[in-house]
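Chemist: Okay, structure incoming, though there's no sequence with it:
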């Protein structure tokens, strides 16, 4: 069994560690690219959302590298994500790709089925070994998130343009190369030290923007056209509402790791505007926007794939939050036709607006 999975930001680092610790041969698909999107758009349904098309392209490229099994998450509720695997498998079969799909459904709905599938992936590994592998992967996810947060802080303050991105690439590679749990603490320490070496101007004025929305387009840089990088260049410190370790803690560990993830707080904060689950991260988008507004962030950006119904619901509510808290919000909707230059123009106009408002407020 040669296992692959979708690309979603730095997910490949902890997931590869988890699977390889269990003795599973892993085929990491090439980073999502124009070719990936072209393949997914060519063979995927026209009105399917961007994540499905990129995932489909990921699987085709991984199959070309010898993968024969796909491991991916499932879902339930109004979001169409729960049907991705079945649609993608049918398309790939029609194209002549015989890929086995192992879909890991949310544990709160299908715990026995989930355990059976984990056992199938793990082969002869004991449950103790499985737990240790999950722990190793989760610790890598935590390290990756620490490094990415450091990059979000230093990018708008860097003295040498591009130095943050260069350090980020090398730091993530250090975490990726930590082959055992024993090697990870030193790799994390060296990686964070590397990020600390980025020369920054701590006194440089920056804008603070919270980014909310659908998880895939938040975490996958190719899907959001490298939004965080562009904002950093515009002098914006970004705080992302979803990080990989927080999502894992919230949905797989039921919040047992304290202080990581804020799903419950976000849902509570959303109650004046949206009191029930609408699928995906729609409710959390509203709650996180409220929390950012309460913390005095200069602006909020929502990003999601075209036709994503939960985020469309959230989009219709964001203007009320902006009005009530006196903040500004911008919505970016992504599909295969979204142009990077056009997005950057919108970001420039938005950040100019935020900067003028901040200057006026500070002058009073």
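Modeler: Cool, got the structure. Fair warning: this is a prediction, and the values are worked out from it, not measured in the lab.
Chemist: which residues sit against stretch 116-129?
Modeler: Under the contact criterion C-beta atoms under 8 Å, 6 or more residues apart in numbering, stretch 116-129 has outside partners 3, 19, 21, 22, 23, 24, 71, 102, 103, 104, 130, 133. No exception for glycine: its C-beta is placed from N, CA and C like everyone else's.
Chemist: just stretch 144-158 next, same as before
Modeler: For stretch 144-158, the surrounding residues in contact (C-beta under 8 Å, 6+ apart) are 10, 13-14, 164-165, 167-168, 171-172, 175, 188, 191-192, 195-196, 198-202, 204, 206-207, 228-229, 231-240, 243-246.
Chemist: Please apply the same query to stretch 276-296.
Modeler: Contact with stretch 276-296 is made by 77-79, 81, 208, 210, 212-215, 239, 241-242, 262-263, 265-270, 272-274, 300, 302, 308-311, 313-314, 317-318, 321-322, 324-325, 327, 329, as judged by C-beta under 8 Å, 6+ apart.
Chemist: about what we covered before: the contacts of stretch 144-158 in strands, which ones?
Modeler: 207, 236, 237, 238, 239, 240 (DSSP state E).
Chemist: and the contacts of stretch 116-129, which are buried?
Modeler: When the contacts of stretch 116-129 are checked for burial by 16 or more other C-beta atoms under 10 Å, the buried set is 3, 19, 21, 22, 24, 71, 102, 103, 104, 130, 133.
Chemist: Now, these that are in helices?
Modeler: Among these, the ones falling in helices (DSSP state H) are 19, 21, 130, 133.
Chemist: Contact partners for the last one?
Modeler: The neighbourhood of residue 133, defined by C-beta under 8 Å, 6+ apart, consists of 17, 18, 19, 21, 22, 122, 125.
Chemist: which among the residues you listed gets closest to residue 61?
Modeler: residue 19 (18.1 Å; C-beta to C-beta).
Chemist: I'd assumed residue 26 was in contact with that closest one.
Modeler: Yes. Counting by C-beta atoms under 8 Å, residue 19 touches residue 26, with 5.0 Å between them.
Chemist: what is in contact with the two at once?
Modeler: Shared contacts of residue 19 and residue 26 (C-beta under 8 Å, 6+ apart): residue 3.
Chemist: Could you name the specific helix or strand carrying the nearest residue to residue 51 once chain neighbours are set aside?
Modeler: Distances taken as C-beta to C-beta, 6 or more residues apart in numbering put residue 216 closest to residue 51, at 4.2 Å, once the chain neighbours are dropped. Using DSSP states H and E, residue 216 sits within helix 215-219.
Chemist: likewise residue 210?
Modeler: Secondary structure from DSSP H and E places residue 210 in strand 207-213.
Chemist: Could you do residue 112 as well?
Modeler: Residue 112 belongs to helix 107-122, assigned by DSSP H and E.
Chemist: And the average pLDDT for that helix is what?
Modeler: Average pLDDT, helix 107-122: 76.
Chemist: How about stretch 340-356?
Modeler: 97.
Chemist: Same check on stretch 226-246?
Modeler: Per-residue scores along stretch 226-246 average to 95.
Chemist: how near is residue 159 to residue 203?
Modeler: 12 Å (C-beta to C-beta, to the nearest Å).
Chemist: Give me the more crowded residue out of those two.
Modeler: residue 159 (11 against 6; other C-beta atoms under 10 Å).
Chemist: Show the pLDDT at the more buried one.
Modeler: Predicted confidence (pLDDT) for residue 159: 97.
Chemist: and if you look at residue 47?
Modeler: Looking at residue 47, the pLDDT reads 87.
Chemist: can you tell me which residues contact it?
Modeler: So residue 47 contacts residue 307 (C-beta under 8 Å, 6+ apart).
Chemist: Cool, thanks, signing off.
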